[in-house]
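Undergrad: No letters, just coordinates:
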């Protein structure tokens, strides 16, 4: 059990053999190693736990991760509470009681696992919660191994791919990503400059000071222009969220605001852009700066057990969604902020239209087969067919159309991702 972040200090150990369980924060680690060292360890979320064993010089001969097992077995949720309940019927009363008594929140905004505070507020409840964590892990472990034994391909994937990959991810998280703080600050300055331009445009249009984040001021600006929003919030107040403002402007997505010069679009465009700029600063500049260590490195979490597709995800912060250079000068500077150590390089690699190659194989579509056997770009070919030429905009639209057709996306979704009107989206899909 630990406090705070993934790499916070260890506050105690929970141990179980499946029959009984205990929590201790007083037994010396040397004694724990004498009693339990050399045995197979079952951990739920091993990437969080393994560093604590290694720090304490625990010789890890063998270990298994019940969370990673659950994920490979396609459990819909892989938290210990969910998997434990599904396999054993244990409802984790101690866990829920501890949450209620000591106020520790484990999900959603403001989530924390400050176990030290839990011990101080209600030690018996916290100890029981910790012990039951170990008990549930010990009981589900043989059940999960039995399920894996009945699914050889899944077992092979877990043992030969996901499990060996976990220590590599742990090493990547521990090393972190090097950040050029000067580039981050330059990006921040660019965002502030563009923010000021948005406010200037709003003032020139309405004659008022408009804060895009203040609902009352945004509504006042609309009123100055003889405009109003028809949508309301859950509490019945006029809404000024993105969907409501796009409706005022008579469009379905932000892409359609470009090149239009009505009073509504000239007002809505800087409001939404200013909000976007503020989100970029909070997430990718302040969010990164706040997490930099003394070596200017950021340690994101690389999650194996989150996505439905088996891909990795990144959180705290999400480094898989860094703004594209298309986002303007700030986007360029943000990308440049991620740098390699001296003597190293950052390399990017991607599969070449992997999903479409699989799609072509199973459908035997002659057009796709021709494209791949002759080295022709599928999206460029489609753009030339639809538009007569493959401009960057045309290729982007046809790429979104191709994926929409393959994955069965609806007209509205295509319109949003490709920057089209709904009728245009429907026409392209037809």
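TA: Thanks, I have the structure now. Note that the coordinates shown come from a computational prediction; the quantities given were computed from them, not determined experimentally. Numbers count the residues shown, from 1 in each chain.
Undergrad: what are the ranges of the strands in the stretch 251-400 of the chain?
TA: 297-298, 301-303, 313-315, 338-339 (DSSP state E, counting those that start in this stretch).
Undergrad: what distance separates the last one from the middle of the whole chain?
TA: Its chain's average C-alpha position is 20 Å from that of strand 338-339, according to C-alpha atoms, centre = their mean, to the nearest Å.
Undergrad: Parallel or antiparallel, list what pairs with it.
TA: strand 177-179 (antiparallel) (DSSP bridges).
Undergrad: contacting residues around the strand it pairs with?
TA: Contacts with strand 177-179, where a contact means C-beta atoms under 8 Å, 6 or more residues apart in numbering, come from 288, 292, 295-300, 319, 337-341. (Each C-beta comes from the backbone N, C-alpha and C, glycine too.)
Undergrad: Looking at these, which are in helices?
TA: residue 288 (DSSP state H).
Undergrad: Could you export the strands of the stretch 251-400 of the chain as TSV, including mean neighbour count and mean pLDDT?
TA: Listed next are the strands of the stretch 251-400 of the chain as TSV, based on neighbours: other C-beta atoms under 10 Å; pLDDT from 0 to 100:
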stretch	mean neighbour count	mean pLDDT
strand 297-298	18	96
strand 301-303	18	93
strand 313-315	15	92
strand 338-339	16	95
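Undergrad: Low-confidence stretches in this structure?
TA: By pLDDT under 70, the weakly predicted segments of the chain are 3-8, 37, 59-60, 91-114, 412, 414-422, 425, 428-430.
Undergrad: still on that earlier bit, just put the strands of the stretch 251-400 of the chain in TSV and tack on distance to residue 24.
TA: Converted to TSV, the strands of the stretch 251-400 of the chain look like this (distance: least, C-beta to C-beta, whole Å):
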stretch	distance to residue 24
strand 297-298	34
strand 301-303	28
strand 313-315	31
strand 338-339	42
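Undergrad: For residue 264, find the nearest of those strands.
TA: Closest to residue 264 of the strands of the stretch 251-400 of the chain is strand 313-315 (C-beta to C-beta; 37.1 Å).
Undergrad: What strands flank that closest one, and is each parallel or antiparallel?
TA: Applying DSSP bridges to the sheet, strand 313-315 is found paired with strand 301-303 (antiparallel).
Undergrad: Check the offset of the strand it pairs with from the chain's centre.
TA: So, by C-alpha atoms, centre = their mean, the centroid of strand 301-303 is 9 Å from its chain's centroid.
Undergrad: Check stretch 358-378 too.
TA: When C-alpha coordinates are averaged (C-alpha atoms, centre = their mean), stretch 358-378 and its chain have centres 32 Å apart.
Undergrad: Enumerate the positions of it that are buried.
TA: Neighbour counts over stretch 358-378 (16 or more other C-beta atoms under 10 Å) mark 359, 360, 368, 371, 372, 377, 378 as buried.
Undergrad: Out of these, which sit inside helices?
TA: 359, 360, 368, 371, 372, 378.
Undergrad: Closest one of the residues you listed to residue 132?
TA: residue 359 (46.9 Å).
Undergrad: pretty sure the closest one contacts residue 368?
TA: Yes: taking contacts as C-beta atoms under 8 Å, residue 359 lies within contact range of residue 368: 6.8 Å.
Undergrad: what's whichever strand or helix holds residue 183 packed up against?
TA: Element membership of residue 183, judged by DSSP states H and E, is helix 181-206. Under the contact definition 3 or more C-beta pairs under 8 Å, 6 or more residues apart in numbering; DSSP states H and E, helix 181-206 sits against helix 215-224, helix 263-280, helix 287-289, helix 329-336.
Undergrad: Reformat those helices as JSON lines; add distance to residue 79.
TA: Listed next are those as JSON lines, based on distance: least, C-beta to C-beta, whole Å:
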{"stretch": "helix 215-224", "distance to residue 79": "36"}
{"stretch": "helix 263-280", "distance to residue 79": "28"}
{"stretch": "helix 287-289", "distance to residue 79": "25"}
{"stretch": "helix 329-336", "distance to residue 79": "33"}
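Undergrad: Thank you, goodbye.
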